[in-house]
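1. coords please:
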Amino acid sequence: MIAFDYTGKVVLVTGGTKGLGRGIARAFLSAGATVIVCARTPPDAPVTATLRASAPESGGRTAVAGFVRADVRDPEDLERLFAGLDRLDVVVNNAGGAPYAMVAGTSPRLHARVIELNLIAPLLVAQRAHPLLAATQGAVIMIGSTSGTRPSPGTSAYGAAKAGLHHLAACLAAEWAPDVRVNTVVVGLAETENAAEHYGGRSELMSATIPAGRMAGPSDVGEVCLWLAGSGYVTGAQILVHGGGETPAWKWVASDEISR
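-> As a prediction, this is how the structure comes out:
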């Protein structure tokens, strides 16, 4: 495992109290960063990690992330969030998600809110963070999804928003270079605390469709974020964290494996 040292750096992770966001926050905490997580509700337990920074005397101590209650879709909440920051080196736009909802017969407001959370909110967070990040030659990391790269029936608005997020990151990378780097981590099927509910209790079968043999875990995504935030030249990139992708459906249909 590559050792990263973020001692003295300040990192903000939106939606960092659970799931992938919690894993990302823990990765930066373990590397010595001061980490702030925000969400609409406080975490059930503090976000902590064992420090494993490069200095030998640092290892073994427990680091704790700071928490700020904020809805990233609300400009007033964002003003309050950023008003408490004197320095910022990395922003990880992780907050997002969507319920399963077919487009036909569902509320237009639902789809608008999904797009607002997964596309507009990351834009607003990045916009508000820009002056602080420019001062430190910092980085924005967008947490994207393979739903934005392939058809996403049942989560169409989410997939469209993630596709827009990927493009937004590329645009900001060009607009803000060379002062602020902007990259995207495109996550595939992921194993989090709500995976069983999200995948209908079929996580094991889902994992079998991935060449790597398992879903991505929060720590897998966290390690990629550590590398992206520290690489001084990479910007405008999309890093696929999907274990080799998803095996095409035709392969399953053409074999007897699907009936097992």
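
2. immediately after the one helix or strand L205 maps to, which helix or strand?
-> Element membership of L205 [criterion: DSSP states H and E] is helix 203-207. Next helix or strand after helix 203-207 toward the C-terminus (DSSP H and E): helix 218-230.

3. Centre of the chain to the very next helix or strand once past that next one, how far?
-> Where DSSP H and E defines the elements, the next helix or strand beyond helix 218-230 is strand 238-241. With Cα atoms, centre = their mean, to the nearest Å as the basis, strand 238-241 stands 11 Å off its chain's centre.

4. Where does the prediction get shaky in the stretch 101-250 of the chain?
-> Counting by pLDDT under 70, the stretch 101-250 of the chain contains low-confidence ranges at 195-203.

5. Strands of that one, residue ranges please.
-> 139-145, 181-187, 238-241 (DSSP state E, counting those that start in this stretch).

6. The shortest one pairs with which strands, and in what direction?
-> The sheet places strand 238-241 alongside strand 181-187 (parallel), with pairing taken from DSSP bridges.

7. Please export the C-alpha coordinates of the partner strand as CSV.
-> What follows is strand 181-187, C-alpha atoms only, in CSV (Å, rounded to 0.1, in the frame of the first residue of the first chain):
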residue,chain,number,x,y,z
ARG,A,181,-7.2,20.6,-10.3
VAL,A,182,-10.6,18.8,-10.8
ASN,A,183,-11.0,15.1,-11.4
THR,A,184,-13.7,12.5,-11.2
VAL,A,185,-13.8,9.0,-9.6
VAL,A,186,-16.3,7.0,-11.6
VAL,A,187,-17.5,4.3,-9.1
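
8. how much space is there between M142 and R52?
-> 26 Å (Cβ to Cβ, to the nearest Å). (Glycine included, C-beta is placed from N, CA and C.)

9. Those two: which is more packed in?
-> Using other Cβ atoms under 10 Å, the more surrounded residue of M142 and R52 is M142, with 27 against 18.

10. mind checking how far the closest residue to G230 other than its chain neighbours is from A216?
-> Nearest in space to G230, with sequence neighbours left out and distances taken as Cβ to Cβ, 6 or more residues apart in numbering, is F4 at 6.1 Å. As judged by Cβ to Cβ, F4 and A216 stand 19 Å apart.

11. And G19, by the same measure?
-> On the measure of Cβ to Cβ, G19 and A216 end up 11 Å apart.

12. any common contacting residues for those two?
-> A190 (Cβ atoms under 8 Å, 6 or more residues apart in numbering).

13. so what's A216 up against?
-> Applying Cβ under 8 Å, 6+ apart, one finds that A216 lies in contact with 187-191, 241-243.

14. For those residues, give me TSV that also has neighbour count and distance to Y158.
-> Shown next, in TSV, are the contacts of A216 (neighbours: other Cβ atoms under 10 Å; distance: Cβ to Cβ, whole Å):
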residue	neighbour count	distance to Y158
V187	23	13
G188	20	14
L189	21	14
A190	22	14
E191	20	19
V241	19	18
H242	21	16
G243	19	20
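
15. Tell me the one of these nearest G23?
-> Using Cβ to Cβ, A190 comes nearest to G23 of the contacts of A216, at 9.5 Å.

16. Contact partners for that closest one?
-> Contacts of A190 by Cβ under 8 Å, 6+ apart are 19-20, 215-218, 221.

17. Kindly recompute the last result at 7 Å.
-> Taking Cβ atoms under 7 Å, 6 or more residues apart in numbering, we find A190 in contact with 20, 215-216.

18. wait, which of those is closest to L133?
-> Nearest member of the contacts of A190 to L133, counting by Cβ to Cβ, is L20, at 21.4 Å.

19. which residues does that closest one contact?
-> Counted by Cβ under 7 Å, 6+ apart, L20 has contacts 94, 143, 187, 190, 192, 218, 221.

20. remind me, longest helix of this structure?
-> helix 156-176 (DSSP state H).

21. Centre of the chain to that one, how far?
-> 13 Å.

22. Extract the C-alpha set from that helix and format it as CSV.
-> C-alpha atoms of helix 156-176 as CSV (Å, rounded to 0.1, in the frame of the first residue of the first chain):
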residue,chain,number,x,y,z
SER,A,156,-32.7,7.9,-15.1
ALA,A,157,-32.4,11.3,-13.5
TYR,A,158,-29.6,10.1,-11.3
GLY,A,159,-27.7,8.7,-14.3
ALA,A,160,-28.2,11.9,-16.3
ALA,A,161,-27.0,14.0,-13.4
LYS,A,162,-23.9,11.9,-13.0
ALA,A,163,-23.2,12.2,-16.7
GLY,A,164,-23.5,15.9,-16.3
LEU,A,165,-21.2,15.8,-13.2
HIS,A,166,-18.5,14.0,-15.2
HIS,A,167,-18.7,16.8,-17.9
LEU,A,168,-18.8,19.5,-15.2
ALA,A,169,-15.5,18.3,-13.8
ALA,A,170,-13.9,18.4,-17.2
CYS,A,171,-15.1,21.9,-17.8
LEU,A,172,-13.9,23.2,-14.4
ALA,A,173,-10.6,21.5,-14.8
ALA,A,174,-10.0,23.6,-18.0
GLU,A,175,-11.6,26.7,-16.5
TRP,A,176,-9.6,26.7,-13.2
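
23. Lovely, talk soon.
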